[in-house]
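>>> starting from these lines, generate the structure:
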Amino acid sequence: MHPSRFASSSPRAEWGDVPDTTPVRHAWACFTRRDFLRTTSLGFGTLALAHLLEMDAGRAASDTLASGPGGNDLRPRPGHFAPRATAVILLMQAGGPSQVDLFDPKPELARRDGQPYPGEVEVLQPGSEEKKLAASPFRFRPQGQCGMELSELLPHIGSVADEWCLIRSMFSDNNNHPQATRCLNTGKVFPGRPALGAWVSYALGSENEELPAYIVLRDPTGYNNGGTTLWENGFLPAQFRGTEIQSRGAAVLNLHPHQQRPPGVQPKTLELVARLNQERLRLFPGESDLEARIQNYELAARMQQGAEAVLDLSRETAATRALYGLDNEVTENFGTRCLLARRLVEAGVRFVQVMVPIRSGGAPWDHHSGLKKGLEELCPQVDQPTAALVKDLKQRGLLDRTIVIWAGE
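Numbering: from 1, shown residues only. All right, here's what the predicted structure looks like:
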């Protein structure tokens with residue numbers, strides 16, 4: 001079946017015109033989209049331009065797919081009530097930051113330092129058999145006009161204490177880090193449930209058609225405990241899954257084609273791909289993965305137009321870069337992603353999930369016997385960038401409509 005049959009402007013036979021018994025019809029049925037992409041060597045960047053071609057031709061095929069039965073687009077949706085906040089930034093601190101050393105001072109524990117605990121203790125970790133009480137080695141100080149007591153390890157976060165709502169009453173029913181981290185992000189310890197960002201984007205849509213509604217900024221060297229299950233869509237349509245964006249190198253992989261094709265080849269190729277996608281969707285209506293793939297191609301085309309400007313940190317002033325610590329190797333990792341989070345929210349992204357640096361493993365706050373040394377190493381990495389994000393959002397008038405969550409399991 002020659003591509004020109006579909007790409008020409010002359011009248012052409014439709015799928016229903018081909019008899020069921022013909023070899024052509026049989027070959028078409030056996031030829032999957034994956035086969036087509038592999039044999040024609042098409043890349044993601046090539047397919048992405050389908051949306052631009054549809055716009056140029058004035059066709060509404062993508063709108064039909066998005067708004068038809070089973071479709072789920074990302075256009076903004078009004079809620080039942082006028083929201084006070086329109087965006088969320090989750091600064092995910094995997095590993096369980098020690099609350100008694102950072103946010104929750106225990107004066108009685110300090111008075112009983114070194115004494116045996118009189119009650120019964122379930123031995124969960126080697127070394128806890130002695131049941132000795134241990135006070136925090138760090139001092140707490142009142143911060144801000146509110147007098148919030150915070151550890152000396154977090155001076156920058158303390159400088160914006162009046163902007164925080166500190167919740168000390170939360171707890172987890174699971175003492176395994178991957179399961180507890182997944183529960184914090186999805187509400188359940190087992191995989192398969194939508195993450196918080198998926199629910200937010202599902203409910204509210206996106207305010208920027210050139211960017212995903214739900215973006216994940218993970219450490220460029222790897223994944224935290226729980227991996228990609230921390231931003232999955234679960235039983236929601238696939239387009240509500242978190243989209244990973246790189247904070248180093250190319251922000252979005254394979255966004256642009258690696259090689260140019262002769263004029264006229266790409267439009268014909270893309271028209272054929274669009275017809276294949278639509279035919280597949282008609283054969284399997286309501287297949288959310290296929291709908292999401294089609295919409296992702298179209299989103300990629302829009303990202304080619306506008307995403308790179310949003311993700312270009314060279315546009316920031318030297319003062320802003322210094323505020324986030326981008327000139328310091330200790331804070332550069334987390335600071336870069338916090339600054340990207342601000343730019344993304346400023347551009348209309350609904351939910352940005354920033355993962356803690358993983359220099360010490362997939363659960364970097366999980367310090368155990370190395371608590372003092374571990375906290376002294378990790379706190380400086382996240383303290384300044386976290387406070388910088390809050391200050392930057394406030395000075396730009398974005399903090400009033402953005403919820404910033406700093407939390408661990």
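
>>> distance of residue 209 from residue 291?
According to C-beta to C-beta, to the nearest Å, residue 209 and residue 291 sit 16 Å apart. Yep, even glycine has a C-beta here, placed from its N, CA and C like the rest.

>>> for the two, indicate the residue with more neighbours.
Between residue 209 and residue 291, counted using other C-beta atoms under 10 Å, residue 291 has the larger neighbour count: 24 against 19.

>>> does the more buried one touch residue 239 like I think?
Yes. If you go by C-beta atoms under 8 Å, residue 291 and residue 239 touch, sitting 7.2 Å apart.

>>> what confidence value was assigned to residue 91?
pLDDT recorded at residue 91 is 98.

>>> wait, isn't it in contact with residue 404?
Yes. With contact defined as C-beta under 8 Å, residue 91 reaches residue 404; the gap is 7.0 Å.

>>> which neighbours do these two share?
The contact sets of residue 91 and residue 404 overlap at residue 389 (C-beta atoms under 8 Å, 6 or more residues apart in numbering).

>>> which residues touch the residue nearest to residue 244 when sequence neighbours are not counted?
The shortest distance from residue 244 to any residue other than its chain neighbours is 4.9 Å, reached at residue 216 (C-beta to C-beta, 6 or more residues apart in numbering). By C-beta under 8 Å, 6+ apart, the contact list for residue 216 reads 197, 231, 242-245, 352-353, 355.

>>> ok, residue 216 to residue 224 distance?
In this view, residue 216 and residue 224 are 11 Å apart by C-beta to C-beta.

>>> and what of residue 382?
Residue 382 is 13 Å from residue 224, where distance means C-beta to C-beta.

>>> tell me where the stretch 301-409 of the chain has strands.
Ranges of strands in the stretch 301-409 of the chain, per DSSP state E, counting those that start in this stretch, are 351-355, 402-407.

>>> now the chain
In chain order, the chain shows strands spanning 87-92, 140-143, 148-151, 214-217, 243-244, 351-355, 402-407, with DSSP state E as the criterion.

>>> name the residues that touch the shortest one?
So the one you mean is strand 243-244. Applying C-beta under 8 Å, 6+ apart, the external contacts of strand 243-244 come out as 212, 214-218, 231.

>>> for the last one, same thing?
Contacting residues not belonging to strand 402-407 are listed as 85-93, 157, 164, 184, 345, 386, 389-390, 393 [C-beta under 8 Å, 6+ apart].

>>> tell me where this structure is predicted with low confidence.
By pLDDT under 70, the low-scoring segments of the chain are 1-73, 123-129, 249-261, 266-267, 270, 286-288, 290, 292-306, 359-361.

>>> one more pass at 90, please.
Scanning the chain for pLDDT under 90 picks out the ranges 1-84, 116-132, 170-178, 203-212, 220-227, 237-239, 245-312, 358-363, 367-370.

>>> quickly list the domain ranges of it.
Domain ranges of the chain: 21-59+252-306, 87-249+311-407, per automatic domain parsing.

>>> picking up where we left off before, common neighbours of residue 382 and residue 224, please.
Common contact partners of residue 382 and residue 224 (C-beta under 8 Å, 6+ apart): residue 356.

>>> tell me where the longest helix sits in the chain.
When the chain is parsed with DSSP state H, its longest helix is helix 371-395.

>>> picking that back up, can you lay out the strands of the chain as a markdown table showing distance to residue 365?
Putting the strands of the chain into a markdown table (distance: least, C-beta to C-beta, whole Å) gives the following:
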| stretch | distance to residue 365 |
| --- | --- |
| strand 87-92 | 10 |
| strand 140-143 | 18 |
| strand 148-151 | 13 |
| strand 214-217 | 18 |
| strand 243-244 | 22 |
| strand 351-355 | 12 |
| strand 402-407 | 11 |
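
>>> what sits up against stretch 220-228?
Applying C-beta under 8 Å, 6+ apart, the contact partners of stretch 220-228 are 92, 94-95, 177-178, 181-182, 185, 218, 230, 246-249, 333, 355-356, 358-359, 362-364.

>>> so how far is that stretch off the chain centroid?
12 Å (C-alpha atoms, centre = their mean, to the nearest Å).

>>> show the end-to-end separation of that stretch, please.
One end of stretch 220-228 to the other measures 14 Å (C-alpha to C-alpha, to the nearest Å).

>>> one more: stretch 346-353?
End-to-end span of stretch 346-353 (C-alpha to C-alpha): 15 Å.

>>> residue 230: neighbouring residues, count only.
The burial count for residue 230: 27, using other C-beta under 10 Å.

>>> correct me, but it touches residue 353?
Yes. Residue 230 lies in contact with residue 353 (C-beta under 8 Å); the separation is 7.5 Å.
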